[in-house]
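Chemist: Got a predicted structure here, sequence first:
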Amino acid sequence: MIQVNLDCEGPITQNDNAYELCQAYIPDGGDFFARISKYDDFLADVEKRPGYKAGDTLKLVLPFLKAWGVTSEMMEDFSTKTLRLLPGTETMLPAITARHHAFIISTSYRPYLDALCRATGFPAENIYCTDVNLDKYEIPEGEIATLKKLTREIVAQPILEWDHGVKGREDLASTHLETLKSLDEIFWDIIPSMKSGEIFNDVNPVGGREKAESVLKSLDRTGLELGRVFYGGDSITDVQALELVDQGGGLALSFNGNSYSIRSANWACLSPDTMIIAALAEYFVKFGMEGFGSVPLDNQGGIKGTVLLEFLEKNGVDSNLLSNFKNMDEGELPELYNLDKADTPSLVKKSEAFRKGVRGVALGELG
């Protein structure tokens with residue numbers, strides 16, 4: 001028996017729910033969210049700010065959503081109407097819940113995961129995600145005006161950029177250093193001094209270390225060891241969970257992932273259809289990580305297309321789990337890479353390009 005722990009946005013759905021909420025209800029909300037997301041990446045990955053973790057973007061944007069009139073009911077309705085499953089998810093989730101212990105560990109807001117459970121029948125008790133209730137907060141009119149003004153200021157700033165290998169803010173160009181100082185003042189001085197700052201105290205996004213802790217909590221429920229965990233993630237919020245599972249001897253899979261997830265996983269998969277997750281889980285339950293050592297790799301450290309599908313079927317993976325791929329062209333079929341063997345920079349470029357093709361450029365570029 002194994003347990004499958006999956007991130008939601010990326011391995012299961014096409015959405016970035018928080019981005020889309022901002023885009024729908026805040027003027028220039030997509031640009032607004034992208035700037036805060038990049039700030040999140042810098043604080044979590046480069047500066048490693050004490051007490052801050054990847055995914056806290058979802059906390060930082062909440063006062064602004066509240067100021068622009070978003071309610072809990074609006075979040076629920078919007079999530080239900082906009083939910084977009086990746087191809088294969090409607091059959092993949094029932095397949096893994098029928099065969100394995102299955103959990104979803106997501107930074108996304110609870111209303112979005114509730115919408116997913118209603119659409120797919122996935123058990124809500126096996127969800128770990130970010131709890132939020134905007135209706136419990138009353139923000140004075142003066143604060144609403146201030147938050148709307150700050151929204152416009154954030155959108156007017158250049159999006160943060162830095163070169164790979166940057167160690168801290170002292171390495172940033174002057175323009176980006178000024179942006180960083182401005183965002184620091186907004187999020188750590190101005191908003192905490194306001195009534196809406198209560199949201200920062202109450203909401204704890206499930207990202208970074210919380211995702212790793214959720215893996216351990218799910219193991220307490222199943223009684224399994226880390227070596228029997230299949231974790232699938234795609235972004236910066238999955239880094240600690242992927243590293244935990246990798247170090248514990250399990251399968252840490254970057255699925256259509258960005259550079260953060262690829263650096264932290266032990267295998268990477270590119271696929272337009274999520275049923276490959278169910279197929280790889282079936283192979284894992286049969287052979288464990290030792291079986292992945294027997295996967296025949298090409299000179300790029302991968303196994304691709306028909307070769308991958310035939311290998312899985314030959315090794316006893318249920319052909320029904322592979323049926324979604326039968327009518328696809330060779331170039332559309334899944335690819336699987338051993339991250340100890342593959343050229344990481346080349347794979348990152350390939351996976352990030354594939355990710356943008358599957359999820360769209362705007363969402364694919366988010367950390």
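Modeler: Received it, and whenever you're ready, just let me know what you need. Given the structure is predicted, the values throughout are model-derived calculations rather than measurements.
Chemist: Please parse the protein into its domains.
Modeler: What automatic domain parsing lists as the domains of the chain is 3-13+87-130+207-364, 17-82+132-202.
Chemist: tell me the most buried of those?
Modeler: domain 3-13+87-130+207-364 (a mean of 20; mean count of other Cβ atoms under 10 Å). Heads up, the C-betas are built off the backbone N, CA and C, glycines and all.
Chemist: By mean pLDDT, which helix or strand of the chain comes out lowest?
Modeler: helix 361-364 (a mean of 51; mean pLDDT, DSSP states H and E).
Chemist: need the contact list for L308.
Modeler: For L308, the contact set (Cβ atoms under 8 Å, 6 or more residues apart in numbering) comprises 333-336.
Chemist: Against which helices or strands is the longest helix anywhere in the chain packed?
Modeler: If you go by DSSP state H, the chain has its longest helix at helix 275-292. Judged by 3 or more Cβ pairs under 8 Å, 6 or more residues apart in numbering; DSSP states H and E, the packing partners of helix 275-292 are strand 3-6, helix 89-99, strand 229-233, strand 251-255, strand 267-270, helix 305-314.
Chemist: ok and the last one relative to helix 275-292, angle-wise?
Modeler: In other words, helix 305-314. Angle of helix 305-314 versus helix 275-292, following axes from the mean of the first three to the mean of the last three Cα atoms, to 10 degrees, is 70 degrees.
Chemist: Following the chain past helix 305-314, name the next helix or strand.
Modeler: Later in the chain than helix 305-314, the nearest helix or strand by DSSP states H and E is strand 335-338.
Chemist: Could you check how far the residue lying closest to A173 once chain neighbours are set aside is from L172?
Modeler: With sequence-adjacent residues excluded and distances taken as Cβ to Cβ, 6 or more residues apart in numbering, A173 is closest to E161, at 7.9 Å. Between E161 and L172 the computed distance is 9 Å (Cβ to Cβ, to the nearest Å).
Chemist: Find residues that contact each of these two.
Modeler: Common neighbours of E161 and L172 (Cβ under 8 Å, 6+ apart) do not exist.
Chemist: Out of the contacts of L308, flag the one nearest to P94.
Modeler: Using Cβ to Cβ, P334 is the member of those that sits closest to P94, with 19.6 Å.
Chemist: Could I get the pLDDT score of that closest one?
Modeler: pLDDT recorded at P334 is 97.
Chemist: Can you name the residues that contact it?
Modeler: 269-273, 276, 304-305, 308-309, 325.
Chemist: Quick check: closest non-adjacent residue to it.
Modeler: S271 (3.8 Å).
Chemist: for this protein, which spans come out with low pLDDT?
Modeler: Residue ranges of the chain with pLDDT under 70: 359-367.
Chemist: Geometric centre of it: which residue is closest?
Modeler: S235 (4.7 Å; Cα atoms, centre = their mean).
Chemist: how close does that one sit to E20?
Modeler: For S235, the distance to E20 - Cβ to Cβ - is 16 Å.
Chemist: about what we covered before: which residues are in contact with the residue nearest to the centre of the chain?
Modeler: Per Cβ under 8 Å, 6+ apart, neighbours of S235: 7, 9-10, 54, 257-258, 260-261, 366-367.
Chemist: Among the residues you listed, which ones are in helices?
Modeler: Judged by DSSP H, the subset of those located in helices is 260-261.
Chemist: Who's the closest spatial neighbour of S294, skipping the chain neighbours?
Modeler: Closest to S294 by Cβ to Cβ, 6+ apart is F287, at 7.4 Å.
Chemist: correct me, but the one you found touches V295?
Modeler: No: under the criterion of Cβ atoms under 8 Å, F287 makes no contact with V295, lying 9.6 Å away.
Chemist: For I26, which non-adjacent residue is spatially closest?
Modeler: Counting by Cβ to Cβ, 6+ apart, the residue nearest I26 is W68, at 5.0 Å.
Chemist: and the longest strand along the chain, how far from the chain's centre?
Modeler: In the chain, assigned by DSSP state E, the strand with the most residues is strand 101-109. Computed by Cα atoms, centre = their mean, to the nearest Å, the chain-centroid distance of strand 101-109 equals 10 Å.
Chemist: cool, stretch 35-43 as well?
Modeler: 15 Å.
Chemist: before we move on, what about stretch 304-316?
Modeler: 27 Å.
Chemist: With distance to L83 added, can I get the helices and strands packed on helix 275-292 in JSON lines?
Modeler: Output for these, formatted as JSON lines (distance: least, Cβ to Cβ, whole Å):
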{"stretch": "strand 3-6", "distance to L83": "16"}
{"stretch": "helix 89-99", "distance to L83": "10"}
{"stretch": "strand 229-233", "distance to L83": "19"}
{"stretch": "strand 251-255", "distance to L83": "19"}
{"stretch": "strand 267-270", "distance to L83": "23"}
{"stretch": "helix 305-314", "distance to L83": "29"}
